[in-house]
Structures are given as C-alpha cells and as structure tokens.
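Visitor: Build the 3D model from these lines:
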Amino acid sequence: MIRFAAAGTILIVLFGSFALAQDSAPQVQMFGGFSLMHLLSGGPNGAPLDVALREPGGTFHGATNFKGWNAEGQYNANRWLGLVADFGGRYGSPFTALSVRKVSGPPDSTAYSFMAGPVISYRTKSKLTPFVHLLFGLERTSLRASTITAPSGTLPSAATNYTDFTYAAGFGIDYRLSQHLALRFGQLDYFHTTLNVNKFYHAAFGPDVFEGPATHQRNVRFSTGIVSQF
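Guide: Have a look, this model is predicted:
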C-alpha cells in the first residue's frame, strides 16, 4: 500500500511538471517549527487505566496534548504542484496522576514520523499562499522503561517500541516576508496512525494488565514556523 501511494505521488508530480509551465514559484522550500499534537481517540484513559494500574478510581488520566517539532522539505514542479517530505517528533507521558495522589514514575514516550506525498499550493500576487497536502509514511513510538510507585504498590514497565503505518491530510497558509523567507501562520493536519495500543501496552506492562485499548489513534496536529525558499 505504501509503495502504491509513493508511486502514485511521483506520477502525479511528474505529470504536473509537464502539464504546467515553470513559473516564478520557488523550486525548493524548507520548513521547520513547533508542533502540537492533540489526541482525539485511541489512548489509555478513564476508569480502565486506574484498574490496569491497580489504583483507586480517579487516580490516573490519559494525556491528550503532546509538544514537539515538525520539519518539511518540498520540491515544487511548478507554481501549483509539488512533492513534500514531512518529519516530526513529539514527547510526553501517555498518562499522568493527579497531584493529590502520591504517585511517581509514569513512563515517558516519544514518537517520530516520516511521511511524503503531493502538495497543491495556490500562488497569486498576494503574499499569502494557501496549500493542501496528503502524506503517507511510518511512525515509530517508544515507551521508556519505568517503575510506577503508588500507595497500592509498584508496577514496572519494560522499554517498548512499535512502528506503524500513518497518514496525514491537511492544509496551511504561508505569508511571504521576503523573496527567500516566509512565515507559516499555521498548518493543520488530521493525523491517523495504526498504532496497536493493545499490543504496545501488553509489551510494556505484560499481557494481563491492559485490556481492550484501541488498535489505531486519531489525532490533530498543528504546526507553525519559518519557511526558507529558493
């Protein structure tokens, strides 16, 4: 499926490069900046999390916001059509405890993604350039080894890694500051991963701890930063 998507993307870009004449659009763009990932569904949360971690109800809650970074390299075949490679990373614990509970040691997690796909930009004489893109790739999620310490006892977890297919569909807008510099006001993506949370936490905590988490995650990612263009 990934090979098919990549081949299709390359054909679209090549066709566009012949179908439309070269224009004053920058041929290469490099973006880098801050990102915030918001988890819509698919993470550990609520009463099942307390039961799994052997604590009274209301002790733990799942995290939904993760800070990170986003970087892109984009080749423009013409003023409208291009190919973009997207890199991203995010960090934070997947769940935390209320401050009134004497709990320490929730594990930290990291996730890195690489995706690529076509981008369509609407370029006019205006300094504003809106765009849309569709990206396909992989994400690698890691959970560090830890020992959760709470009034009810301790619960160790092993270091765990999981690589899954992911895709993102989104849009954004750039504001041209100069010939070679632009500000990305914002980029908003629907970010879907096939992270099997059930297998992931079974590997970390053992097969009898977590039961019934989702087999995919739905997220929204917001990015903003600086664009260099040549």
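
Visitor: contacting residues for residue 112?
Guide: With contact taken as CB atoms under 8 Å, 6 or more residues apart in numbering, residue 112 is in contact with 87, 88, 89, 139, 140. All C-beta atoms are positioned from the backbone trio N, CA, C, and that covers glycine.

Visitor: for those residues, which one is nearest residue 157?
Guide: residue 140 (18.0 Å; CB to CB).

Visitor: Now that closest one: closest residue in space that isn't a chain neighbour?
Guide: In this structure, residue 140 finds its nearest non-sequential neighbour in residue 163, 4.7 Å apart by CB to CB, 6 or more residues apart in numbering.

Visitor: Where does the one you found sit, in terms of helix or strand?
Guide: strand 160-176 (DSSP states H and E).

Visitor: one step back: so which of the contacts of residue 112 is the closest to residue 186?
Guide: Nearest to residue 186, judged by CB to CB, of these is residue 88 at 15.2 Å.

Visitor: and that closest one, how many residues sit next to it?
Guide: Applying other CB atoms under 10 Å, we find 24 residues neighbouring residue 88.

Visitor: can you check the one 5 residues further on too?
Guide: Per other CB under 10 Å, the neighbour tally for residue 93 reads 17.

Visitor: Next: residue 104.
Guide: Using other CB under 10 Å: residue 104 sits among 12 other residues.

Visitor: With residue 27 instead?
Guide: 13.

Visitor: just use 52 as the starting number from now, easier for me
Guide: Understood, numbering begins at 52; the last thing we discussed is residue 78.

Visitor: so where is this protein shaky, pLDDT-wise?
Guide: Scanning the chain for pLDDT under 70 picks out the ranges 52-74, 96-99, 150-152, 259-264.

Visitor: Can I get stretch 242-261 in CSV, CA atoms only?
Guide: What follows is stretch 242-261 as a C-alpha-only set of coordinates in CSV (Å, rounded to 0.1, in the frame of the first residue of the first chain):
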residue,chain,number,x,y,z
PHE,A,242,-3.0,12.7,11.7
HIS,A,243,-4.0,9.0,11.7
THR,A,244,-1.8,6.1,13.0
THR,A,245,-2.3,2.4,13.1
LEU,A,246,-0.5,2.1,16.5
ASN,A,247,-2.0,-1.0,18.2
VAL,A,248,-2.2,0.3,21.7
ASN,A,249,-3.3,-3.1,23.0
LYS,A,250,-0.1,-4.8,21.8
PHE,A,251,2.0,-1.8,22.7
TYR,A,252,1.0,-1.8,26.4
HIS,A,253,0.9,-5.5,26.7
ALA,A,254,4.6,-5.5,25.7
ALA,A,255,5.4,-2.8,28.2
PHE,A,256,3.3,-4.0,31.2
GLY,A,257,2.6,-7.6,30.5
PRO,A,258,-0.4,-9.3,28.8
ASP,A,259,-2.7,-9.3,31.9
VAL,A,260,-2.6,-5.5,32.7
PHE,A,261,-4.3,-3.6,29.9
